[in-house]
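**Student:** just coords:
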């Protein structure tokens, strides 16, 4: 059974810092991995999707990497801003629909 | 940009009552999903729907749950006899394709279901 773990559970950084969020999964037989952002009481906004054949994807200040063989992905956020404060979820698609991690709650302090 | 819309945003229901949660997926998407998130816990898959039938469901999706696409635009989740433990945020999602593709799932803002 696929398990997704995200570390750290919470992170607080000063504005302007670069930061890395980590995601690991137990079954490397995945089709793709998706990173989401969730604001309090809101839905999930898709940030990036990496297919299993890819190593990374970039969108603006966000860069996601995937090492399928080791079961790891990272989300790199450059020059963090207070507006980046949210919970970041990773989820994998394999032989079952999306399996989510519990998320990393990010606070960027002005 | 097209988006998934869900109604209502908040539903309060007495235990034992039936509730229907509604979703309008993105119009050219073919796969539809329901997920739930109990407060403080992970988002969990409930069911996926394709070509007017359930394609996959989790162990959470028992006989009290059903899904329907009553017309060309709506996708509904019905909980027949609600229990206290059904209190959660329910998310609808849709995608153009499923599996080994570059098609992400797009989520609605959710319906917060509170069972009293």
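**Tutor:** Sure thing, it's come through. Owing to the predicted nature of the structure, the values given are computational and were not obtained by experimental measurement.
**Student:** got the residues of chain A near chain B?
**Tutor:** Taking Cβ under 8 Å from any Cβ of the partner chain, the part of chain A that reaches chain B is made up of A:31-32, A:34, A:36, A:41-46, A:49, A:51-52, A:89, A:91, A:93, A:96-103. Where you see a C-beta, it was placed from the backbone N, CA and C, and this is true even at glycine.
**Student:** Flag every residue of chain B that's near chain A.
**Tutor:** B:4, B:6, B:33, B:35, B:41-45, B:48, B:56, B:91, B:93, B:98-110, B:112.
**Student:** helix, strand or coil for the residue most central in space within chain B?
**Tutor:** By Cα atoms, centre = their mean, chain B has its centre lying nearest to residue B:34, at 2.8 Å. Under DSSP: H, G, I helix; E, B strand; the rest coil, the three-state class of residue B:34 is strand.
**Student:** circling back: inside strands: which ones of the residues of chain B next to chain A?
**Tutor:** B:6, B:33, B:35, B:43-45, B:48, B:56, B:91, B:93, B:106-107, B:112 (DSSP state E).
**Student:** quick one: which two of those are the most distant?
**Tutor:** In these, the most distant members under the criterion Cβ to Cβ are B:56 and B:112, with 25.0 Å between them.
**Student:** From chain A, how far off is the residue nearest to the centre of chain B?
**Tutor:** Summarising the geometry, the distance separating residue B:34 from chain A, computed by Cβ to the nearest Cβ, to the nearest Å, is 10 Å.
**Student:** is it true that that residue touches residue B:44?
**Tutor:** No - between residue B:34 and residue B:44 no contact is recorded; they are 10.0 Å apart, counting by Cβ atoms under 8 Å.
**Student:** from memory residue A:7 sits against residue A:101, does it?
**Tutor:** No - distance between residue A:7 and residue A:101: 9.1 Å, which falls outside the contact criterion (Cβ under 8 Å).
**Student:** Between these two, which has more neighbouring residues?
**Tutor:** More crowded of residue A:7 and residue A:101, by other Cβ atoms under 10 Å in any protein chain shown: residue A:101, with 25 against 12.
**Student:** ok, now which ones touch the more buried one?
**Tutor:** Neighbour list for residue A:101: A:4-6, A:23, A:89-91, B:42 [criterion: Cβ atoms under 8 Å, 6 or more residues apart in numbering or on different chains].
**Student:** which one of those sits closest to residue A:62?
**Tutor:** Among the contacts of residue A:101, residue A:90 lies closest to residue A:62 (Cβ to Cβ), at 12.5 Å.
**Student:** Alright, I will stop here.
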